[in-house]
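Chemist: Sharing a model prediction with you, sequence too.
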Amino acid sequence: MRAVACASFAGATILYRFPPERYDFYPQCPVFRYFHVYCPGCGATRALAALLHLRIAEALHYNALVVLLVPVLLAYFAVASWKARRDEVFTWPRVPAMGLTALLVMSAAFGVLRNFLGSSL
């Protein structure tokens, strides 16, 4: 659990100090590079960097799905952290299969819609 927290903090620090709009060492999306279509994750790095700088509208422009999923992910890790402090043996909290299926369907729909409606989704 601590390794995940440390890696997340390090990644957030890098994104905060070196925004993707100004630095080009971040990897490009292979789906967009080779197929010229936006995948559900396209713009996620820029969206997370904008969120770290509290630019919500800009983050929504880059990738609305990521912006909407960040609170869910933070809640998941808060529950995991609470569980790690409470239990002697740590196990990651289970995500119901219905929740994973909904996330997969939502991501696929988002990927399709953003290519039909434009990259601003």
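Modeler: Yes, it's here. Residues are numbered from 1 along each chain as shown.

Chemist: which residue is nearest the centroid of this structure?
Modeler: Val66 (4.5 Å; CA atoms, centre = their mean).

Chemist: Test my guess that that residue contacts Arg46.
Modeler: No: when contacts are counted by CB atoms under 8 Å, Val66 is not listed as touching Arg46 (9.4 Å). All C-beta atoms are positioned from the backbone trio N, CA, C, and that covers glycine.

Chemist: what is in contact with these two at once?
Modeler: Common neighbours of Val66 and Arg46, using CB atoms under 8 Å, 6 or more residues apart in numbering, are Ala59.

Chemist: ok, the residue of the chain most remote from its centre to Ala49 distance?
Modeler: Relative to the C-alpha centroid of the chain, counting by CA atoms, centre = their mean, Glu88 is the outermost residue, at 29.6 Å. According to CB to CB, to the nearest Å, Glu88 and Ala49 sit 38 Å apart.

Chemist: just Phe9 next, same as before
Modeler: Counting by CB to CB, the gap from Phe9 to Ala49 is 15 Å.

Chemist: more neighbours, the two?
Modeler: Using other CB atoms under 10 Å, the more surrounded residue of Phe9 and Ala49 is Ala49, with 25 against 10.

Chemist: contacting residues for that one?
Modeler: Counted by CB under 8 Å, 6+ apart, Ala49 has contacts Leu15, Tyr16, Pro19, Pro20, Glu21.
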